[in-house]
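[1] Any chance you can model this:
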Amino acid sequence: MNLKKMDCGKIKLTQLLEGEFGIEKENVRVKENGEMSLTVHPKSLGDKLTHPYITTDFSESQVEMISPVQENIDEAVGFIKTIHEIVDASLEKGEYLWPQSMPPILPEDENLIPIASYGENGRELESYREHLSAIYGKRKQLVSGVHFNYSLSENVMKVLYQSNTNLVEDYDAFKERVYMKIAANYMKNHWFLVALLGASPALHSSYYKYICKCDDIVNYGKTCYAENATSFRVGRCGYRNEKEFILDYTSFNNYKNSINKLIEDKVINFAKENYSALRIKENSQEKITHLEVRHIDLDPFEASGLSEINLKMVHLLLIYGLLEDDSHYDVTHQKISHHNQVTAADFGLDGRVRMFDENGNSISLQKYLESFYQKLKRKLSVEDLPDDYASAMKEMKRLVEHSESRLSAKILKEMNNTDDYVNWHMSMAQKHRMSVKGKNYNFHGKMDMELSTQLLMREAVKRGVSIELIDRPENFIRLEKFGHEEYVVQATKTSLDNYSSILMMENKVVTKKVLEKSGIQVPKGDSFFDMEKAKSYFQLIKGSSIVVKPKSTNFGLGISILKSNDSVEDYERAVEIAFEHDDTILVEEFVTGREFRIFVIEDEVVGILHRVPANVKGDGLHTIAELVDLKNQDPLRGKGYKTPLEKIAKGEAEAMFLKSQGLDFDSIPEEGQVVYLRENSNISTGGDSIDFTDDIHQSYKDIAVKAMKALNVKITGLDMMIDNIAEPATSDNYSIIELNFNPAIHIHCHPFKGKNRKLNEKIMNALGY
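    Take a look at the predicted model:
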């Protein structure tokens, strides 16, 4: 097979990088002392037979995490990071995820290692694992790693096909040849990444003494290592076929026939017993769907075990395989490839070790690394790459030139060549857990989406509910499990609420009238659709504390609170601001008391927050503007509902409120003095959230449910002013300001102070999952 005539010249390198990406990753569960956990797969992670994202590999103790197909590597890695955090948080007390590809402390009796059990419907899966156990032994099955699934973008593949008009073959045949070419070239050159990215240079004696007895491996107590090894996992001590197979890469049919011949000759029993560094995957129509790269070690320095930049190096080598002129990969080349893989794995930190180039000439590893990098660089010009891939090329160059910077060298250095295999890896597992503690609100790779949606998606992943992004900018997602579909917008717009109820909540005028009719207290006031009439209303309310707000906005937009209301200029400007957001506004009395957000789902109050208006505390040194900037440095504060708290603004509304207190942004508050920048307490305008769910008198919860029923809604965030939360509600000590049709859940899941009320779980329950 040869594709020398294939034309890629008209296609930009950035376009060739478009593709589809998926990741599978395994980790062994361990006890605090580094011993393999022998317990069953955690029940909290659902049914491992049907879960789309979380299952087991060989053993009950070996968790497998699977990302769905993503449009780029960052999102695929982000999905795995999110799954990893969910799994880690679901483990029993005292359990951790082992961060290394080579196994932890294994039981002396390998029969104690539990094979994954899938029940009656998964008996075939168990039988296959029993077969592997009999052929290879249970210990070897505990070697874990990363599988990187890749396919070219279908659009790019079609452009490639159209660019090669001289070809007489049909599209499917062309597509097959492209993938066979990439596969052959990758297999020929993957030793390069084994040397640079290998991360398993040490073993525990409980594996070594049964699996890998080699003279050059130092047995230092319970730790066994080779000072120049990069990856025991893909080297002589790893999970490999006893003899490397010679396969036919001249066509996909020949490739499959060569594997079938191994089965006929009883060398292997199943096609998936081909443990090559790369597999070619097909669908039920026997068409190539993608390539599966299998040689990647877990990275113990990363909490999730993998990094975007390393996988981008893998992607670049795959693209190199497409651009390389010759894809000849005969018996001689395959023998060279097998030799180079094991040499790079077992001695890859020794630049003097001898390799074979593609012509069969002996060459030192260091010279081969340098020369091959130059070949890569010529095909993949840094100037033509996007910034993240250019950074991957530069990192590749650094690893070529500085062997001490490679993962395996760093691991050996951190272990300090002592009996520290278990202790060091357990310290990393504990460090990684601490690094994400209290930050379990983001869906990595999708942090452009608003936070409530991210929280709901995290809960969907945990429950094994498939997620599809329908309209990402609108946070519109589709959920599915066992045929049960739900379409959800921004976490709380669901099929549970009817359209008219949503419109009533959206319209503050209608909300007030419906609540009044039901005997529920609301602020007194009037509504206006004419700006001049609204402005003339000033004479009737001059000197009264008032609120001016649009009819139908959320997040506190367009709202002004005038405590004294003695300035016609300020009042008229407040009216103008409100009309900027809607064609109807409300001018209402300012209700006394404290404001509480009461979240109700299906007649149950599930969370109550007091939201403290945006504020800063003086230190006698900094101006209010400077204090705002300092408070906004908190990593929990961001913009656009993507973090639990919002940054405090320094806009016109804040300036007006400071003015009402005789202050401005240049004022310097005294030490300990609290200065409020807003009267309204929305989190979206920089407020602080404090949980009061267990502290408020039951009568207010009952009123909230009554209000919800009055508008016939199932999910709402109700804002209520209360004079004294310890006293029962009367006709004059509370007032409902509004019902929100799209209330944020993250403020209840991650309050500034108080308990996580887990509203993402409660919404998933309400949706039937």
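
[2] pLDDT averaged over the helix or strand harbouring Glu20 - what is it?
    With elements taken from DSSP states H and E, the one containing Glu20 is strand 19-31. Mean pLDDT, computed over strand 19-31, is 98.

[3] quick one: the strands in the stretch 301-450 of the chain?
    354-356, 362-364 (DSSP state E, counting those that start in this stretch).

[4] returning to that earlier point: which other helices and strands does the strand holding Glu20 contact?
    strand 62-66, helix 73-90, strand 95-97, strand 146-152, helix 308-323 (3 or more CB pairs under 8 Å, 6 or more residues apart in numbering; DSSP states H and E). Just so you know, the C-beta spots here come from the backbone N, C-alpha and C atoms, and that holds for glycine as well.

[5] What's the first helix or strand after it?
    strand 54-56.

[6] Can you give the distance of that following strand from its chain's centre?
    17 Å (CA atoms, centre = their mean, to the nearest Å).

[7] That one - contacts with which helices or strands?
    So strand 54-56, by 3+ CB pairs under 8 Å, 6+ apart, packs with strand 62-66, helix 73-90.

[8] want to try JSON lines for these, with distance to Ser200 as columns?
    Below are the helices and strands packed on strand 54-56 laid out as JSON lines (distance: least, CB to CB, whole Å):
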{"stretch": "strand 62-66", "distance to Ser200": "16"}
{"stretch": "helix 73-90", "distance to Ser200": "18"}
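
[9] Which one of the ones you listed lies nearest to Asp265?
    strand 62-66 (30.2 Å; CB to CB).

[10] hey, C-alpha coordinates of that closest one in PDB?
    This file holds the C-alpha atoms of strand 62-66, laid out as PDB (Å, rounded to 0.1, in the frame of the first residue of the first chain):
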ATOM      1  CA  GLN A  62     -10.400  -1.800  38.400                       C
ATOM      2  CA  VAL A  63     -12.600   1.200  37.500                       C
ATOM      3  CA  GLU A  64     -12.900   2.100  33.800                       C
ATOM      4  CA  MET A  65     -13.900   5.600  32.800                       C
ATOM      5  CA  ILE A  66     -15.200   6.300  29.300                       C
END
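
[11] and it, which strands flank it?
    strand 19-31 (antiparallel), strand 54-56 (antiparallel) (DSSP bridges).

[12] Distance from the chain centre to that strand, please.
    15 Å.

[13] ok, and for it, which residues are buried?
    62-66 (16 or more other CB atoms under 10 Å).

[14] And stretch 387-404, by the same measure?
    Buried residues in stretch 387-404 (16+ other CB under 10 Å): 389-390, 392-393, 395-397, 399-400, 403.

[15] try stretch 340-356
    340-351, 353, 355-356.

[16] now do stretch 663-677
    663, 669, 675-677.

[17] Repeat that for stretch 593-608.
    Those would be 595-601, 605-608, for stretch 593-608 by 16+ other CB under 10 Å.

[18] Which pLDDT value belongs to the closest residue to Pro550 other than its chain neighbours?
    Once flanking residues are discounted, Pro550 sits nearest to Asp582: 3.6 Å by CB to CB, 6 or more residues apart in numbering. At Asp582, the model reports a pLDDT of 89.

[19] residue boundaries of the strands in the stretch 601-750 of the chain?
    According to DSSP E, counting those that start in this stretch, the strands that the stretch 601-750 of the chain contains are 604-612, 615-617, 637-638, 645-646, 674-676, 688-691, 715-722, 734-740.

[20] now for those, which one comes closest to Leu627?
    Using CB to CB, the strands of the stretch 601-750 of the chain put strand 615-617 closest to Leu627, at 3.8 Å.

[21] looking just at contacts, which helices and strands does the closest one meet?
    helix 624-631, strand 674-676.

[22] And it, how far out from the chain middle?
    33 Å.

[23] Likewise for stretch 734-750?
    26 Å.

[24] pull the CA atoms of it into CSV?
    Output in CSV follows, covering the C-alpha atoms of stretch 734-750 (Å, rounded to 0.1, in the frame of the first residue of the first chain):
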residue,chain,number,x,y,z
TYR,A,734,-43.6,38.9,54.9
SER,A,735,-44.1,39.6,51.2
ILE,A,736,-43.3,37.6,48.0
ILE,A,737,-41.3,39.7,45.5
GLU,A,738,-41.3,37.3,42.6
LEU,A,739,-41.2,33.7,41.4
ASN,A,740,-38.3,32.8,39.1
PHE,A,741,-39.0,30.4,36.2
ASN,A,742,-35.3,29.6,35.7
PRO,A,743,-33.7,29.7,39.2
ALA,A,744,-30.0,28.9,39.6
ILE,A,745,-29.3,25.7,41.5
HIS,A,746,-25.6,26.2,42.1
ILE,A,747,-26.1,28.8,44.8
HIS,A,748,-27.9,26.1,46.9
CYS,A,749,-25.3,23.5,46.0
HIS,A,750,-22.3,25.7,46.8
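
[25] Quick one: mean pLDDT over that stretch.
    Rounded mean pLDDT across stretch 734-750 is 93.
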